[in-house]
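Participant: Here's a sequence, model it:
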Amino acid sequence: MIEFFDREGRETAFCRDGHSVYLWNGTPAAFIDDDQVFAYSGRFIGVAKDGWIWDENGGRLLFEFDAVGGPAKPKRQTKTAAGPRLANPARGVPDRMPTRPAPSPAWSGRTFADLI
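Facilitator: Predicted structure coming up:
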């Protein structure tokens with residue numbers, strides 16, 4: 001299971017199959033197609049690469065434990081058990097990815113939950 005943490009080191013999301021991303025409580029949040037991340041509505045969220053999920057401007061949203069590069073990662077807070085996965089909704093037609101963003105060395109001003 002891939003666990004994602006936010007800029008505060010809080011558990012935020014997880015992925016068990018490399019494609020479906022769930023909020024920590026088990027709510028389906030997004031899907032990954034190649035390295036592009038989309039909300040289930042089809043809205044483009046950003047890119048998943050090198051252990052990071054970054055937004056459409058390159059700002060870092062979430063990180064895995066072994067993420068490479070990017071801003072300083074905070075100490076992970078005490079972790080709880082992830083919630084049970086709920087059924088994934090139907091996928092909307094994915095938006096076209098805008099010009100691929102360059103990864104920023106900084107955190108995004110938004111949160112992952114703001115974008116889903």
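Participant: Relative to the centre of this structure, pull out the residue lying furthest away.
Facilitator: The C-alpha centroid of the chain is most remote from residue 78, which lies 19.5 Å away (Cα atoms, centre = their mean).
Participant: Without its sequence neighbours, what residue ends up closest to the most centrally placed residue in the chain?
Facilitator: Centroid-nearest residue in the chain, with Cα atoms, centre = their mean: residue 53, separated by 4.5 Å. In space, residue 53 comes closest to residue 62 once its chain neighbours are excluded; the distance is 4.4 Å by Cβ to Cβ, 6 or more residues apart in numbering. No exception for glycine: its C-beta is placed from N, CA and C like everyone else's.
Participant: Am I right that the one you found is in a strand?
Facilitator: Yes. Assignment of residue 62 by DSSP: H, G, I helix; E, B strand; the rest coil places it within a strand.
Participant: any idea how far residue 105 is from it?
Facilitator: 16 Å (Cβ to Cβ, to the nearest Å).
Participant: Also residue 12?
Facilitator: Distance of residue 12 to residue 105, given as Cβ to Cβ: 20 Å.
Participant: higher neighbour count, those two?
Facilitator: Comparing residue 12 with residue 105 by other Cβ atoms under 10 Å, the one with more neighbours is residue 12, at 22 against 11.
Participant: host element of that one?
Facilitator: Assessed by DSSP states H and E, residue 12 sits inside strand 11-15.
Participant: Show me the contact partners of that strand.
Facilitator: 1-6, 21-24, 29, 32, 62, 76-77, 79-80, 82, 112-113 (Cβ atoms under 8 Å, 6 or more residues apart in numbering).
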